[in-house]
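> below: sequence and its predicted model.
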Amino acid sequence: MATTIVIQANGPLPLSGSFTLPRSAYPAALVVYGSGYTQRPGVPIGCGISLNGNATGKTATIFANHELTHLAFVPGAVAVEDDTAAGAGVNYTVGLTPLNAQTVTDNSDSFLVVLHH
């Protein structure tokens, strides 16, 4: 199994990155890591994950008991499905956005998206 780094950057969110996946590389999965904080304790925070502009319903999140403390999100994973019958590679764009209004990110937060194929 091979890996490709799609995003490796500091915040703030939103962030995006692109990759091309050859048909021979399926099945594949994206794993998303990140961090952030909140100004309001007792809320979930994290990042939403989109693929080609469509929300995947998958997230990287954590419950923040304390405010103003940067926390690592529990990683989220997204299966990358082959949605074409073409023989050539398929281009994808992955996007990361704040999970909710309570999620705050800045240049002290790091994000990593790894494609496993």
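Arrived safely, thanks for sending.

> quick one: the strands in the protein?
3-10, 15-21, 28-33, 35-36, 43-51, 54-64, 71-72, 76-80, 90-98, 110-116 (DSSP state E).

> reformat those strands as JSON lines; add mean neighbour count.
From N, CA and C alone the C-beta is placed, and that goes for glycine too. Formatted as JSON lines, the strands of the chain follow (neighbours: other C-beta atoms under 10 Å):
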{"stretch": "strand 3-10", "mean neighbour count": "15"}
{"stretch": "strand 15-21", "mean neighbour count": "16"}
{"stretch": "strand 28-33", "mean neighbour count": "20"}
{"stretch": "strand 35-36", "mean neighbour count": "25"}
{"stretch": "strand 43-51", "mean neighbour count": "21"}
{"stretch": "strand 54-64", "mean neighbour count": "17"}
{"stretch": "strand 71-72", "mean neighbour count": "16"}
{"stretch": "strand 76-80", "mean neighbour count": "18"}
{"stretch": "strand 90-98", "mean neighbour count": "18"}
{"stretch": "strand 110-116", "mean neighbour count": "20"}
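
> which one of those strands lies nearest to V104?
strand 35-36 (6.0 Å; C-beta to C-beta).

> so how far is that closest one off the chain centroid?
Relative to its parent chain, strand 35-36 has a centroid offset of 12 Å by C-alpha atoms, centre = their mean, to the nearest Å.

> what pairs with it, parallel or antiparallel?
According to DSSP bridges, strand 35-36 forms sheet pairs with strand 71-72 (antiparallel).

> need the residues that contact the strand it pairs with.
Strand 71-72 has contacts (C-beta atoms under 8 Å, 6 or more residues apart in numbering) with 33-37, 45, 62, 64.

> just the closest of those to A25, please.
Y33 (21.0 Å).

> need the contact list for that closest one.
Contacts of Y33 by C-beta under 8 Å, 6+ apart are 60, 72-73, 75, 110-114.

> repeat for Y26
80-82, 117.

> bridging residues for the spatially most central residue of the chain?
Nearest to the mean C-alpha position of the chain, counting by C-alpha atoms, centre = their mean, stands V32 at 4.0 Å. Beta bridges link V32 to G76, V113, judged by DSSP bridges.
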